[in-house]
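Undergrad: based on what follows, work out the 3D shape:
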Amino acid sequence: MNTKRILILTAALSTGAHAQTFLITQGDTYYRYSAGTTQTYTLGNQITGLTTVPAGITAGNQNGGASPGDIFAVANGDGGNTAYRLDNPLATPSLTQVGVMGGGGNNSPCFANGSLYGVLLGVNFLEYNPTTLAANNTWNTGVFGGSGGLVHDRGNSFLFIEALNDAFYAYTIGGTAASVGPLGIDFDNGALESYQGTIYAALGRVDTGQLVLGTVSRNTGAFTAIDIIDTYRGGSLGLAIVPSPASLSILSLAGLAALRRRRTT
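TA: Numbers count the residues shown, from 1 in each chain. Here you go, the predicted model:
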């Protein structure tokens, strides 16, 4: 048995198991970030929000909709609050329309409890039919300033960021949002996505003029930067996360190594 080979493989698995690729939009610019490398593309539409479609839901009712595992994108203000499926997110990306958002649009799409949710004009929290994309309900969060980022916490509770106070909030449907704490930086617009229990954020920093990727603490709201993606040009941002292709390759290698060991014992 080659102990050195097994140690190398074990180390690769320990890092690769948590690898992910971050998909970020700034206007019509699409960034794909993984392991310190950023690739940039132009989408041709002003995207205002991204998220991943969960199991059991098909979002939209045009052109096959967006299926579980697909990236769902919204583009408010481009002639109809259009909803898209982001095709080929890990290659050369393109957009396919899957519907039109009701209720005036959706700046921060978030799936939870079999429904689609979002925020609009800061103070409004909306629930949408995930298939027709019609707005079913609207609530007032009590916080005005444009959240620009929304994730599901648990049950009917959500977490969002707000740019006027540069703060992180907790909100339960029908109630009033409560501040968790400040992010600790001055930002203009942002996007959130939860992945394996960690809340990631793409923020447009006013103080440095940078588009940055990082994490937000669930307990305090504090922002910790991971990397600088680009110059921040103003406007809405989007963020989605998918498993890295490298993880799949490593797992395939592990399976092959295990098969070889079984054949030689």
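Undergrad: ok, longest strand in this structure?
TA: strand 20-34 (DSSP state E).
Undergrad: what's the spacing between the next helix or strand after it and its chain's center?
TA: Note on strand 20-34: by DSSP states H and E, the next helix or strand toward the C-terminus is strand 37-47. Put simply, strand 37-47 sits 15 Å off its chain's centre (Cα atoms, centre = their mean, to the nearest Å).
Undergrad: the longest strand of the chain vs strand 37-47, what angle?
TA: Here strand 20-34 runs at an angle of 100 degrees relative to strand 37-47 (axes from the mean of the first three to the mean of the last three Cα atoms, to 10 degrees).
Undergrad: show me the helices in the stretch 151-265 of the chain, by range?
TA: 245-264 (DSSP state H, counting those that start in this stretch).
Undergrad: what segments of it are strands?
TA: 157-162, 167-172, 178-182, 187-195, 198-205, 210-216, 223-231, 237-243 (DSSP state E, counting those that start in this stretch).
Undergrad: can you show me the CA trace of the third one as CSV?
TA: So that's strand 178-182. Only the C-alpha atoms of strand 178-182 are listed here, as CSV (Å, rounded to 0.1, in the frame of the first residue of the first chain):
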residue,chain,number,x,y,z
ALA,A,178,-34.8,43.2,14.2
SER,A,179,-31.2,44.1,13.8
VAL,A,180,-28.7,41.3,14.5
GLY,A,181,-25.7,43.7,14.2
PRO,A,182,-23.6,45.9,11.9
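Undergrad: and that strand, how far from the chain's centre?
TA: That offset, for strand 178-182, works out to 21 Å (Cα atoms, centre = their mean).
Undergrad: ditto for the last one
TA: Taking the mean C-alpha point of strand 237-243 and that of its whole chain, the gap between them comes to 4 Å (Cα atoms, centre = their mean).
Undergrad: what would the strands of the stretch 151-265 of the chain look like in TSV with distance to residue 63 and mean pLDDT?
TA: Glycine gets a C-beta too; all of them are placed from N, C-alpha and C. Shown next, in TSV, are those (distance: least, Cβ to Cβ, whole Å; pLDDT from 0 to 100):
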stretch	distance to residue 63	mean pLDDT
strand 157-162	29	94
strand 167-172	33	95
strand 178-182	39	96
strand 187-195	24	94
strand 198-205	27	97
strand 210-216	30	98
strand 223-231	30	98
strand 237-243	19	93
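Undergrad: low-confidence stretches in the stretch 1-150 of the chain?
TA: Within the stretch 1-150 of the chain, the segments meeting pLDDT under 70 span 1-18, 77-80, 121-122, 145-147.
Undergrad: show me the strands in it, by range?
TA: 20-34, 37-47, 49-52, 71-75, 82-87, 94-100, 110-112, 115-120, 124-128, 135-140, 149-154.
Undergrad: indicate which one of those strands is closest to residue 160.
TA: strand 149-154 (4.6 Å; Cβ to Cβ).
Undergrad: so what does the closest one touch, helix or strand wise?
TA: Packing partners of strand 149-154 (3 or more Cβ pairs under 8 Å, 6 or more residues apart in numbering; DSSP states H and E): strand 110-112, strand 115-120, strand 157-162, strand 187-195.
Undergrad: who wins for proximity to residue 30 among these?
TA: Of all the helices and strands packed on strand 149-154, strand 187-195 sits nearest to residue 30, with 12.9 Å by Cβ to Cβ.
Undergrad: residue 93 contacts residue 86, correct?
TA: Yes: the pair residue 93 / residue 86 is scored as a contact, 5.8 Å apart, by Cβ atoms under 8 Å.
Undergrad: excluding chain neighbours, what is closest to residue 57?
TA: residue 130 (5.2 Å; Cβ to Cβ, 6 or more residues apart in numbering).
Undergrad: let me see the contact set for the one you found.
TA: With contact taken as Cβ atoms under 8 Å, 6 or more residues apart in numbering, residue 130 is in contact with 57-59, 111, 114-116.
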